[in-house]
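K.L.:
quick one, fold the following:
(one chain, ligands or ions: 3)
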Amino acid sequence: MSSDFIIPAHIAVIMDGNGRWAKKRGLSRSKGHKAGTEAARAIVRHCREIGVRHLTLYTFSRENWSRPKEEISTIFDLLVNFLNRELGQLVEQDIRLKVLGDIKGLPMASRKALEHAMKKSADCTSLTVNLALNYSSRDEILSACKSMVRDGLSPDDITEEAMAARLYTAGQPDPDLIIRTSGELRLSNYLLWQAAYSEFYFTDVFWPDFTPEELDKALEHYSGRQRRFGKTGEQIESQS
Ligand code: IPE
Ligand code: IPE
Ligand code: MG
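P.N.:
Residues are numbered from 1 along each chain as shown. Ligands and ions are numbered 1, 2, ... in the order given. Sure, this is the predicted structure:
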């Protein structure tokens, strides 16, 4: 049961495997993405229930623009439908929605729906759901560097804090736990700066099959980890 686990303040997920989930069932990739949306919905609710404060979902990477046009439009149609359908519930559950990534580069309908959702949920505080959309971590880091130059920072003022304050995640804690589904063992340009001390959990389960019970399994693993941040195991044990 999740109440017995250590609950991370921030969980970041790479929701991978929609296409392979569909293929295994003889379905179109679109059906896989649709099923993936349902999985995301259940995970958001579960995180809210167990007290996670920040949940980041890798929804569309900058590199995903190289997919077939029809697949891209399916993904953004699903996003708009999801926002239209779920916004009331999200606000009712005190969930704030944010976007990590370049929102100006998104199709207009998605951009409008996202801006509306962010505005409506701006005062919600129980859980922040970050949708990483048109997201590239390298681009995020480069933009932060450019912003420091534009702000005229001297070399001594270029600190970790100055950098973190210019990332999309400014004001939010780094992810404690990063989960990737579908058996792939890579970061795919996700939260490279923020992942410095994250714990990782990889599972072969395809994203549409990643239920709240699967999240609890990840939390069970996470709860058994010893986060050392450079110290020795003995030092950590004597602290607790
Ligand atoms: C993740 O599932 C969703 C997005 C990247 C948008 P995929 O579509 O990457 O599924 P696979 O990896 O092809 O199975
Ligand atoms: C990462 O998945 C991006 C999202 C989950 C949105 P991909 O399926 O795009 O990653 P690669 O290309 O296999 O590394
Ligand atoms: Mg994939």
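
K.L.:
where in the protein is pLDDT low?
P.N.:
Within the chain, the segments meeting pLDDT under 70 span 1.

K.L.:
of all of it, which residue lies closest to ligand 1?
P.N.:
Gly19 (2.7 Å; C-beta to the nearest ligand atom). (Glycine included, C-beta is placed from N, CA and C.)

K.L.:
can you tell me the element that residue falls in?
P.N.:
Taking DSSP states H and E as the definition, one finds Gly19 inside helix 18-24.

K.L.:
and stretch 201-216, which residues are buried?
P.N.:
For stretch 201-216, burial by neighbour count (16 or more other C-beta atoms under 10 Å) applies to 201-203, 205-210, 212, 214-216.

K.L.:
now these in JSON lines, with secondary structure and distance to Tyr168?
P.N.:
Output for the buried residues of stretch 201-216, formatted as JSON lines (DSSP: H, G, I helix; E, B strand; the rest coil; distance: C-beta to C-beta, whole Å):
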{"residue": "Tyr201", "secondary structure": "strand", "distance to Tyr168": "23"}
{"residue": "Phe202", "secondary structure": "strand", "distance to Tyr168": "24"}
{"residue": "Thr203", "secondary structure": "coil", "distance to Tyr168": "26"}
{"residue": "Val205", "secondary structure": "coil", "distance to Tyr168": "27"}
{"residue": "Phe206", "secondary structure": "coil", "distance to Tyr168": "27"}
{"residue": "Trp207", "secondary structure": "helix", "distance to Tyr168": "22"}
{"residue": "Pro208", "secondary structure": "helix", "distance to Tyr168": "26"}
{"residue": "Asp209", "secondary structure": "helix", "distance to Tyr168": "29"}
{"residue": "Phe210", "secondary structure": "coil", "distance to Tyr168": "24"}
{"residue": "Pro212", "secondary structure": "helix", "distance to Tyr168": "27"}
{"residue": "Glu214", "secondary structure": "helix", "distance to Tyr168": "27"}
{"residue": "Leu215", "secondary structure": "helix", "distance to Tyr168": "23"}
{"residue": "Asp216", "secondary structure": "helix", "distance to Tyr168": "28"}
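
K.L.:
tell me the one of those nearest Arg227?
P.N.:
Tyr201 (13.4 Å; C-beta to C-beta).

K.L.:
I'd say that closest one and Glu220 touch.
P.N.:
No: using C-beta atoms under 8 Å as the test, Tyr201 is too far from Glu220 to be in contact (9.8 Å).
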